[in-house]
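*Asks:* Okay, sequence plus prediction incoming.
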Amino acid sequence: NAGVTQTPKFRILKIGQSMTLQCTQDMNHNYMYWYRQDPGMGLKLIYYSVGAGITDKGEVPNGYNVSRSTTEDFPLRLELAAPSQTSVYFCASSDTGVDGYTFGSGTRLTVV
Amino acid sequence: KQEVTQIPAALSVPEGENLVLNCSFTDSAIYNLQWFRQDPGKGLTSLLLIQSSQREQTSGRLNASLDKSSGRSTLYIAASQPGDSATYLCAARDYGQNFVFGPGTRLSVLP
């Protein structure tokens, strides 16, 4: 049972480049989330989705975009990467709005 | 806006000690609260989930309590082991769609 799978695990981007962080879950969860974690800080919510075709902004959405065309996939797109987007990105899912989270292993992104 | 804090920020104890990690939240209107463990460079592993109607949850040597009225949760680790060394995060789920995370407590258990 794979759970939540994130790719890539590591990536270095140059300022102004774009990329997509992939997230896939095989648990048929409706809810999916993207968080970023900066050193010494708690996780901050970027975007979330309550089901296919539905997405909404979290606390820190600027500079990111998401889509949810299927239940399984929730990619996060970075356009015009900036050094402030250097962080570790985590994808998570939950079955309902009141269940606990299952996390992916994270993507460590560095923008230089 | 919900805010979650954790005290202490770091803790170092000798092996075998019982210890308590604290989590506080500002808005008592929560659905549930979840404790996670994070090893360096790794993702988050769920430890315990306490629903708002529950007072505590137990798993092995771990016990988590929840007091909504005071806005507090504690994670009790019995007979600590070096393998327990990690960062422990608590997260409170509010009536929105997401968990609000604390900054974590970094635990070192010395052999």
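*Replies:* Yep, it's here. Residues are numbered from 1 along each chain as shown, chains lettered A, B, ... in the order given.
*Asks:* Quick check: mean pLDDT of stretch A:77-92?
*Replies:* If you average the pLDDT over stretch A:77-92, you get 95.
*Asks:* how far out from the middle of the chain is that stretch?
*Replies:* 9 Å (C-alpha atoms, centre = their mean, to the nearest Å).
*Asks:* Give me the buried positions along it.
*Replies:* Neighbour-count burial for stretch A:77-92 flags A:L78, A:A81, A:Q85, A:T86, A:S87, A:V88, A:Y89, A:F90, A:C91, A:A92 (criterion: 16 or more other C-beta atoms under 10 Å in any protein chain shown). All C-beta spots, glycine's among them, are computed from the backbone N, C-alpha and C.
*Asks:* close to chain B, is that stretch?
*Replies:* Yes - judged by C-beta under 8 Å from any C-beta of the partner chain, stretch A:77-92 comes into contact with chain B at A:F90, A:A92.
*Asks:* Pull the contacting residues for the closest residue to B:C23 other than its chain neighbours.
*Replies:* Of all residues beyond its chain neighbours, the one nearest B:C23 is B:C90 (3.6 Å), with distances taken as C-beta to C-beta, 6 or more residues apart in numbering or on different chains. Under the criterion of C-beta atoms under 8 Å, 6 or more residues apart in numbering or on different chains, the contact partners of B:C90 comprise B:V4, B:Q6, B:L21, B:C23, B:L33, B:Q34, B:W35, B:F36, B:S73, B:L75, B:F101, B:G102.
*Asks:* Please list the residues of chain B that sit near chain A.
*Replies:* With C-beta under 8 Å from any C-beta as the criterion, chain B meets chain A at residues B:4, B:31-32, B:34, B:36, B:41-46, B:49, B:51, B:89, B:91, B:93, B:97-104.
*Asks:* May I see the ChimeraX selection of the buried members of those?
*Replies:* Taking 16+ other C-beta under 10 Å as the burial criterion, the selection of buried members of the residues of chain B next to chain A in ChimeraX is written as:
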select /B:4,31,32,34,36,43,44,46,49,89,91,93,97,98,99,100,101,102,103,104
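*Asks:* Mind checking which of the residues of chain B next to chain A land in strands?
*Replies:* With strands taken from DSSP state E, the overlap with the residues of chain B next to chain A comprises B:4, B:31-32, B:34, B:36, B:44-46, B:49, B:51, B:89, B:91, B:93, B:99-101.
*Asks:* quick one: strands adjacent to the helix or strand containing A:A92?
*Replies:* Secondary structure assignment for A:A92, by DSSP states H and E: strand A:87-94. Sheet pairing of strand A:87-94 (DSSP bridges) gives strand A:31-37 (antiparallel), strand A:102-103 (antiparallel), strand A:107-111 (antiparallel).
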